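Peer 1: Provided below are the primary sequence and the corresponding predicted coordinates.
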Amino acid sequence: MNPHFPRRHLLGAAAGLTLALGGSAALAQADSVKIGVILPMTGPSASTGKQIDAAIKLWVAQNGSKAGGKKVEVIIKDDAGVADTTRRLAQELVVNDKVVALAGFGLTPLALATAPIATQSKTPMVVMAAGTSSITEASPFIVRTSFTVPQYTQAVGEWASKNGSKKVVTLVSDFGPGFDAEKYFGDAVTLNGGQVIEKLRTPLRSPDFAPVLQKARDAKPDTLFVFLPSGQGAQFMKQYAERGMDKSGIKLITTGDVTDDDQLNDIGDVALGVVNAHHYSAAHNSPANKKYVEAFMAANKFRPNFMSVGGYDGMRLIYKALDTSKGAGGQALLDAMKGQIFESPRGQVLIDGQTREIVQDIYIRKVEKVNGQLWNIEFATLKAVKDPGKLK
C-alpha cells in the first residue's frame with residue numbers, strides 16, 4: 001500500500017459510500033451508459049490529464065458514441081491530482097451519475113483512493129495512467145491499460161548491467177512508483193554483478209533537483225538512473241545541464257517518463273543520447289501507431305505520449321467489453337475486459353485474465369534527432385512483458 005495514503009482513508013471511503021438500489025440491473029436496462037473519467041486536468045500532473053482527455057476524444061471521434069447497443073456518454077472530471085477530490089468525484093459518479101465504469105487516475109494515490117468505491121459498488125475501474133505494481137491488488141474490479149513501473153525499470157536495469165553500468169546511483173520520486181523503480185532497477189543491477197552505491201529520492205510535489213544531483217555527482221558512479229513522474233522531465237534535465245552533469249562522464253539512464261514525448265523537444269539537445277525504457281514512443285514504427293500519431297496531432301497540434309495510449313486503449317477496452325456484455329455493467333462488464341487481446345499503437349497487448357494487468361512489449365530507446373526533432377528511437381524489444389511485481 002502507498003505509504004502516503006493511509007489505510008484508514010481507504011476504509012473511510014468504502015464506509016461512506018451509499019449505493020443506489022439495483023444499480024447494475026438499472027444500468028443494464030437503460031438506453032444509455034455513462035463512463036466516469038477522473039483526471040488531473042489542472043495542477044502539477046495536468047499534462048497527464050491533457051493527454052488522456054485528448055486520446056479519449058479521439059477514440060470517440062473515430063468509433064462513435066455507441067457500444068453494446070447503447071449510447072455512451074463520457075463524463076470527465078478534474079481532481080487536480082488530489083486524492084480526497086478523486087474519492088469524492090468517484091462517489092458522485094457512481095451514486096448520482098450511475099456510471100457503468102470509472103476510468104483515468106493520473107497518480108497512484110488517486111487510484112488507491114477510489115479502489116474501495118469500485119469494490120463496494122462493483123464498478124469496473126480502468127487505470128489509464130498510474131503505474132505502481134500493487135494498484136490492481138487494491139480491488140478485484142481494477143483493470144489496467146497503462147503500465148507498471150517494474151515492467152520497464154527491470155528491463156532497463158538488465159540492459160544497463162550488460163552495457164557497462166556497475167556502480168550506480170538511483171534517483172527517484174518519493175512515492176509508490178518511485179519505490180518500484182528504485183527496487184526493480186536496483187535488483188536487476190545487483191543480480192548482474194553491479195552495485196547501487198546510493199539511493200536518492202525527491203519530493204513528488206515541487207522538487208528541487210539541485211541537491212540530489214550534487215549528491216549523485218559526489219558519489220562518483222559510472223551511471224545515474226532516474227525515474228520521475230510524467231511532467232517533471234523538462235525541469236530535471238534543465239537542472240541536470242545547469243550543473244554540468246551532461247559533461248561529467250556519468251552515464252544517464254532513465255525511464256521514458258523523463259524523456260516524455262510531450263516534453264522532449266522542450267528539453268532540447270541535453271537529452272540527445274539518453275538511453276531509456278518504456279512501453280510506448282510516438283516514433284514506434286508500426287502502421288497502427290503511424291495512423292494514431294497522425295490523427296492525434298491533427299486533432300490536437302501536440303505529440304501523443306505514453307499516457308495518451310493508456311487512455312486510448314482504455315476506451316477500446318470499455319467499448320469492446322460493453323459490446324460483449326450487451327451494455328451490462330458490474331461483474332459482466334469486468335469479465336468482458338479480462339483476456340482482451342488487441343493491436344494498440346504501442347504494439348500487441350493482452351489484459352491478463354488473472355491479474356487484470358496489461359501484458360505488453362517493452363522497448364529500450366535512445367533519444368535521437370530526426371528531421372530537426374527529438375524522438376525516442378527504439379533499438380531493442382522485450383516481448384510480452386508481464387508485471388514483475390506479480391511474478392512471485
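Peer 2: Alright, I've got the coordinates.

Peer 1: from Met307, how far out is the most centrally placed residue in the chain?
Peer 2: Centroid check for the chain by C-alpha atoms, centre = their mean gives Ala129 as the closest residue, at 3.1 Å. Per C-beta to C-beta, to the nearest Å, Ala129 is found 5 Å from Met307. Every C-beta, even on glycine, is put in place using the N, C-alpha and C of the backbone.

Peer 1: overlap in contacts of the two?
Peer 2: Overlap of the contact sets of Ala129 and Met307 (by C-beta atoms under 8 Å, 6 or more residues apart in numbering) consists of Thr48, Ile52, Gly106, Ser146, Ser230.

Peer 1: neighbour-wise, which one of those leads?
Peer 2: Gly106 (34 neighbours; other C-beta atoms under 10 Å).

Peer 1: distance check, that residue against Asp79.
Peer 2: 8 Å.

Peer 1: rewinding a little: residues contacting the residue nearest to the centre of the chain?
Peer 2: Thr48, Ile52, Gly104, Phe105, Gly106, Leu107, Ser146, Ser230, Met307, Gly310, Gly311.

Peer 1: you'd agree it is in a helix?
Peer 2: No - read with DSSP: H, G, I helix; E, B strand; the rest coil, Ala129 is coil and lies in no helix.

Peer 1: grab the nearest non-local neighbour of it.
Peer 2: Gly106 (4.8 Å; C-beta to C-beta, 6 or more residues apart in numbering).

Peer 1: okay, helices next: where are they in the stretch 101-250 of the chain?
Peer 2: Along the stretch 101-250 of the chain, the segments classed as helices by DSSP state H, counting those that start in this stretch run 108-121, 149-161, 176-191, 210-218, 233-242.

Peer 1: what score does the residue nearest to the centre of the chain have for pLDDT?
Peer 2: We note a pLDDT of 97 for Ala129 in this prediction.

Peer 1: same question, Gly231
Peer 2: Looking at Gly231, its pLDDT reads 86.

Peer 1: sec struct for the closest residue in space to it that isn't next to it in sequence, please.
Peer 2: Nearest residue to Gly231, sequence neighbours excluded (C-beta to C-beta, 6+ apart): Ser47, at 4.5 Å. Assigned with three-state DSSP, Ser47 falls in the helix class.

Peer 1: what's around Ser47, how many residues?
Peer 2: With other C-beta under 10 Å as criterion, Ser47 counts 22.

Peer 1: and it, what does it touch?
Peer 2: Ser47 neighbours (C-beta under 8 Å, 6+ apart): Ser230, Gly231, Asp260, Asp262, Gln263, Asn305, Met307.

Peer 1: and it, how far from Met128?
Peer 2: From Ser47 to Met128 the distance is 14 Å (C-beta to C-beta).

Peer 1: go on, Asp361?
Peer 2: Taking C-beta to C-beta, one finds Asp361 at 18 Å from Met128.

Peer 1: tell me which of the two has more neighbours.
Peer 2: Met128 (30 against 20).

Peer 1: hang on, the earlier thing: shared neighbours, Ser47 and Met128?
Peer 2: Common neighbours of Ser47 and Met128 (C-beta under 8 Å, 6+ apart) are Met307.

Peer 1: mind listing what Leu264 touches?
Peer 2: So Leu264 contacts Gly233, Ala271, Arg303, Val367, Leu374, Trp375, Asn376 (C-beta under 8 Å, 6+ apart).

Peer 1: just the ones of these in helices?
Peer 2: Gly233 (DSSP state H).

Peer 1: narrow the contacts of Leu264 to those in strands?
Peer 2: Among the contacts of Leu264, the ones falling in strands (DSSP state E) are Val367, Leu374, Trp375, Asn376.

Peer 1: can I get those residues in TSV including distance to Gly330 and pLDDT?
Peer 2: Formatted as TSV, these follow (distance: C-beta to C-beta, whole Å; pLDDT from 0 to 100):
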residue	distance to Gly330	pLDDT
Val367	45	98
Leu374	45	98
Trp375	43	98
Asn376	39	98
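
Peer 1: just those now: which is nearest Phe179?
Peer 2: Asn376 (24.4 Å; C-beta to C-beta).

Peer 1: surely that closest one touches His278?
Peer 2: Yes - the pair Asn376 / His278 is scored as a contact, 7.1 Å apart, by C-beta atoms under 8 Å.

Peer 1: list residues touching both of those two?
Peer 2: By C-beta under 8 Å, 6+ apart, the residues touching both Asn376 and His278 are Gly256, Arg365.

Peer 1: just to revisit the earlier point, confidence-wise, which of the contacts of Ala129 comes last?
Peer 2: Ser230 (85).

Peer 1: who touches Leu89 in this structure?
Peer 2: Gly36, Ile38, Lys77, Asp79.

Peer 1: quick one, phi psi at it?
Peer 2: Torsion angles at Leu89 (phi, psi; degrees, to the nearest 10) stand at phi -60, psi -40.
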